[in-house]
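Participant: With the input below, show me the fold.
(chains A and B)
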Amino acid sequence: MESGSIFIQAIIYLGAAIIMVPIAHRLGLGSVLGYLLAGIGIGPAFLGLVGTESQDMLHFAEFGVVMMLFVIGLELELPLLWKLKNWLLGLGGLQVLGTSLFFFAVAQLLGLDVKPSIALGLILSLSSTAIVLQTLQEKGLMKTASGQGAFSVLLFQDMAVIPILAIFPLLASDSSQSGDDHSSSLIAHFPAYIQTLIVLGVIIAIILMGRYVLNPLFRFIASTELREVFTAASLLLVIGISLVMGLVGLSAALGTFLAGVVLASSEFRHELESNLAPFKGLLLGLFFLSVGSTLDVQIVLNSPLKILAIVSGIMIGKTILLLILGKIFKISLDQNLYFALSLSQVGEFSFVLFNFSSSSGILEKELVNTMVASVAISMALTPLILLAYEKLILPRFNDNTSKSMPEQDKIENEDSPVIIAGFGKFGNMLGRFLRSNDIQCTVLDYDVDRVEMLRGFGFKVYFGDATREDLLESAGAKKAKILIASLDSFEKQKELISCARKHFPHLKILARAGDREEAYDLKDLTADEIYRETRDTAIELGKSTLEKLGYFPYQAHKAAQMFLKHDEDTFQELYEHRKDRKTYVSLAKQRTAELKRLMTFDDTGETKGEEDIW
Amino acid sequence: MKVQILFFHPTMENSKINRGFVNILPNHENLTFRSIYDEYPNGFIDVPREKKLLAENEAIFFQHPFYWYSCPPMMKQWIDSVLELGWAYGKGGTALQGKIWKQIISSAGSGKAYTAEGFHKHTMTEFLLPFKRTAELCNMEYHEPFLIQGAQGLGKDQVDDLKSQYQKLILEFCTGRINGKR
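Facilitator: Numbers count the residues shown, from 1 in each chain, chains lettered A, B, ... in the order given. Okay, here's the model as predicted:
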């Protein structure tokens, strides 16, 4: 492919996306449907701007799913994953088994042979990780019962893909096809037990690497303070793991998910997340675009009733099975409906399996074409069905625990009420104080050595540039109540406050300022409260000085209180006149004289009554 | 007998009378003088430390000016936070049992003003009832207060006379010439 055509394709895909996605989003349809519609638009059915190469694009864009699982892994620490084990194995396992059996039976009834029936059953049991997780995340439903149920099922399906890939060559009636590219694993020629050992070895290696190698490595890279190098390293990590997993015949998504889980407790977690987010988003978008453009509208138009019957059969069948499972696993009805509907489509992996089935002769070409179109339609329908559910059915459940309101955090643990940006000497003191009062703080700092040292002391400190919106968001800025801005660099401090004000207006911003001038600047940026860092320490020392010179300690204390009060009042007044230098200086002089008078008066007792001589 | 004087005065920088009295306190090994306002200028009282010091002493003197027919606010706060239930009073509250409670009070009004017929219409004994009850509730031995009254009208001789009485009183407790009922 020449480079010119790559650019033209990029223009077509990106152009379609930026036109359709905002429209779909504005209409409340969600980004997934926007991408799908854009894809259908540029596909052969309408504009015909992209043709057969969209199949290749689909394979490429599947990497977005891999990245998404890595990012999801980053948000799941091992103990939390362990908590989901019952749902993962029980709900997920029964879903794959039950759905496969159901569609196997249906295919049998429709007169297919045993082997094609098994293939169809397995293919149709899978759901679309990309569509469902993207939708759940976009709507903030990941932590609800339905979200966690769906996530468990999808994760199990990703694991199930491995044995399914192994079974498919056995189903091919023509045994010469068994060496197809989908068992391209390097270790396929080894006996089964050696293969198992190698796979286990690779998984253990990934875990050990995440624990002991990656953190020091990232620390080293971060200390160069070249952001693009860190981004490159993040990408390299994900791509590398995918490749290794592919080589040993495992699902790349599963491998990167595992790596994500291992890195979930790393201080670089937020940085990784925000570095990969744009790639993940773009690739996923591309993925949905490709799904849209592969939809063969001709087939649909030729036999609309047949397709309609297949699509509704698949979706209704899957939904009913999921509803039964949800009931068994005691998911409340409203959550269960959402859970079942969200997983009712057939997943992206079916495209791969259908391709293989038709090339190896498991399924007839015509059937495959019909099924691929049906699958694409089921994927495109999912966001619409969920939307219809939210608008039409959900309001009937007046139970207030339902709705799209995310419940208490279960998976994420970044729900601290306080975010401290900058953990230098100031933040450190503050953090210790808050921690001693059992206030959970999420700390962000951009100094690698410091982060490392503080982590040694048991602080939950994350490495990252707090002035970035995405990083603040992954640190939980949406849920936090208070942002403490105490970055060392004043420029960064200003950036942080404007960014937080703009994107997280609900946050109370308490900011540290060096001197009066800095405090004025931060007040301009509408920080809620501003603390001049040297003010109280200086006054404390001043108090002590007065005492050493013979003041009674309580007298010194009162003098300090009066000074601080006066200083605060003056700060407000001078702030209003700061732009006018002349007025400012004269006002400042005036206030100083006033303070002096105030204190001497008090000292001579002129203003007090006679009882004071006691 | 070990004596602790707890001194409460929020405006020592303006004080003439109390400062004069404090300056002539005898230097005796059994005597501890502590200015509570100056030990805790920000008002946060170290309760465990206060309790320990109370336990070590047999006589507790509260020296303070008489403000609005009562003590300065820090003294009330001290009473509220240090005299804990189950320690100073109530079930198991025997830590202060038998110790002496005595106040040294300076007031603007003269002795005559604090009578039924006088300006304040009540006696000092009546005004000090809450303190007496506090001491009794802690099973302490309440001693009548030492009063420095109407200092405005006092001549230098009279003040000096009061000062030597004050000095003598404290020394008598320190040396054990005045004893509790125990």
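
Participant: What ranges does chain B have for its strands?
Facilitator: Using DSSP state E, the strands found in chain B span residues B:3-7, B:31-35, B:59-65, B:100-107, B:141-142, B:146-149.

Participant: Neighbouring strands - and their directions - for the fourth one?
Facilitator: Using DSSP bridges, the neighbouring strands of strand B:100-107 in the sheet come out as strand B:59-65 (parallel), strand B:141-142 (parallel), strand B:146-149 (parallel).

Participant: Could you identify which of those is most buried?
Facilitator: strand B:59-65 (a mean of 23; mean count of other Cβ atoms under 10 Å in any protein chain shown). All C-beta spots, glycine's among them, are computed from the backbone N, C-alpha and C.

Participant: thinking again about what came up before, worst average pLDDT in the strands paired with strand B:100-107?
Facilitator: Mean pLDDT is lowest for strand B:146-149 among the strands paired with strand B:100-107, at a mean of 92.

Participant: who's in contact with it?
Facilitator: B:17, B:21, B:102-107, B:109-111, B:113-114, B:124, B:162, B:165-166, B:169 (Cβ atoms under 8 Å, 6 or more residues apart in numbering or on different chains).

Participant: residues in contact with residue A:350?
Facilitator: Counting by Cβ under 8 Å, 6+ apart, residue A:350 has contacts A:123-124, A:126, A:371-372, A:375.

Participant: run the last query once more with 7 Å
Facilitator: A:123, A:126, A:375 (Cβ atoms under 7 Å, 6 or more residues apart in numbering or on different chains).

Participant: show me which of these neighbour chain B.
Facilitator: Applying Cβ under 7 Å from any Cβ of the partner chain, the subset of the contacts of residue A:350 adjacent to chain B is empty.

Participant: Between those residues, which sits nearest residue A:427?
Facilitator: residue A:126 (47.4 Å; Cβ to Cβ).

Participant: For the chain, give me the ranges with low pLDDT.
Facilitator: In the absence of a named chain, this looks at chain A. For chain A, the stretches flagged by pLDDT under 70 are A:1-4, A:28, A:51-55, A:140, A:143, A:173-188, A:397-414, A:458-459, A:599-614.

Participant: Actually, chain B is the one I wanted.
Facilitator: B:178-182.

Participant: got the residues of it near chain A?
Facilitator: So chain B meets chain A at B:10-18, B:37-38, B:41-42, B:65, B:106, B:108, B:152 (Cβ under 7 Å from any Cβ).

Participant: what about burial for those, which qualify?
Facilitator: B:10-15, B:17-18, B:37-38, B:41, B:65, B:106, B:108 (16 or more other Cβ atoms under 10 Å in any protein chain shown).

Participant: I'd like the residues you listed as TSV, with distance to residue A:434 appended.
Facilitator: Formatted as TSV, these follow (distance: Cβ to Cβ, whole Å):
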residue	distance to residue A:434
B:10	33
B:11	36
B:12	37
B:13	37
B:14	40
B:15	41
B:17	47
B:18	42
B:37	31
B:38	31
B:41	25
B:65	41
B:106	45
B:108	48
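
Participant: Need the max-distance pair from those.
Facilitator: B:41 and B:108 (25.6 Å).

Participant: between the biggest helix by length in chain B and strand B:100-107, how many degrees?
Facilitator: Secondary structure of chain B per DSSP state H: the longest helix is helix B:156-175. Counting by axes from the mean of the first three to the mean of the last three Cα atoms, to 10 degrees, helix B:156-175 lies at 170 degrees to strand B:100-107.

Participant: Let me know the distance separating the residue lying farthest from the centre of chain B from residue B:123.
Facilitator: Here chain B reaches farthest from its C-alpha mean at residue B:117, the gap being 26.5 Å by Cα atoms, centre = their mean. According to Cβ to Cβ, to the nearest Å, residue B:117 stands 10 Å off from residue B:123.

Participant: Now do the helices in the stretch 351-500 of chain A.
Facilitator: For the stretch 351-500 of chain A, the helices defined by DSSP state H, counting those that start in this stretch cover A:365-388, A:425-436, A:448-456, A:469-474, A:490-503.

Participant: What helix or strand is the nearest residue to residue A:124 once chain neighbours are set aside located in?
Facilitator: Once flanking residues are discounted, residue A:124 sits nearest to residue A:103: 4.5 Å by Cβ to Cβ, 6 or more residues apart in numbering or on different chains. Using DSSP states H and E, residue A:103 sits in helix A:92-109.

Participant: which parts of that helix are buried?
Facilitator: Under 16+ other Cβ under 10 Å, the buried positions of helix A:92-109 are A:92-96, A:98-100, A:102-104, A:106-108.

Participant: Now tell me what touches that helix from outside.
Facilitator: A:116-118, A:120-122, A:124-125, A:152-153, A:155-157, A:160, A:317-318, A:321-322, A:325.

Participant: Spit out the contact partners of the one residue in the stretch 201-350 of chain A that gets nearest to chain B.
Facilitator: At 36.8 Å from chain B, residue A:267 is the closest residue in the stretch 201-350 of chain A, using Cβ to the nearest Cβ. Contact analysis of residue A:267 by Cβ under 7 Å, 6+ apart lists A:451, A:455, A:461-463.

Participant: ok, these vs residue A:241, which is closest?
Facilitator: Among the contacts of residue A:267, and counting by Cβ to Cβ, the member closest to residue A:241 is residue A:463, at 20.8 Å.

Participant: which residue sits closest to residue A:439, ignoring its sequence neighbours?
Facilitator: residue A:418 (5.9 Å).

Participant: actually residue A:274, sorry about that
Facilitator: residue A:470 (4.0 Å).

Participant: What separation do you get for residue A:29 and residue A:592?
Facilitator: Distance from residue A:29 to residue A:592, by Cβ to Cβ: 63 Å.

Participant: Who has more neighbours out of these two?
Facilitator: residue A:29 (19 against 12; other Cβ atoms under 10 Å in any protein chain shown).

Participant: Let me know whether the more buried one touches residue A:381 as I believe.
Facilitator: No. Contact between residue A:29 and residue A:381 fails when scored by Cβ atoms under 7 Å: they sit 11.9 Å apart.

Participant: Give the buried residues for the helix or strand hosting residue A:595.
Facilitator: If you go by DSSP H and E, residue A:595 is part of helix A:581-604. Across helix A:581-604, burial judged by 16+ other Cβ under 10 Å covers A:584, A:587, A:591, A:595, A:602.

Participant: Could you list every helix and strand in contact with that helix?
Facilitator: helix A:553-576 (3 or more Cβ pairs under 7 Å, 6 or more residues apart in numbering or on different chains; DSSP states H and E).

Participant: Alpha carbons of the helix it packs on, in CSV - could you do that?
Facilitator: The C-alpha trace of helix A:553-576 is given here as CSV (Å, rounded to 0.1, in the frame of the first residue of the first chain):
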residue,chain,number,x,y,z
PRO,A,553,3.4,33.4,76.2
TYR,A,554,-0.3,34.1,76.2
GLN,A,555,0.4,37.8,75.4
ALA,A,556,2.5,36.7,72.5
HIS,A,557,-0.2,34.4,71.3
LYS,A,558,-2.8,37.2,71.4
ALA,A,559,-0.4,39.5,69.5
ALA,A,560,0.1,36.9,66.8
GLN,A,561,-3.7,36.3,66.5
MET,A,562,-4.2,40.0,66.1
PHE,A,563,-1.5,40.3,63.5
LEU,A,564,-2.8,37.3,61.5
LYS,A,565,-6.4,38.7,61.5
HIS,A,566,-5.2,42.1,60.4
ASP,A,567,-3.0,40.5,57.7
GLU,A,568,-6.0,38.5,56.4
ASP,A,569,-8.2,41.6,56.2
THR,A,570,-5.4,43.6,54.6
PHE,A,571,-4.8,40.9,52.0
GLN,A,572,-8.5,41.1,50.9
GLU,A,573,-8.3,44.8,50.7
LEU,A,574,-5.0,45.1,48.9
TYR,A,575,-6.0,42.4,46.5
GLU,A,576,-8.6,44.7,45.1
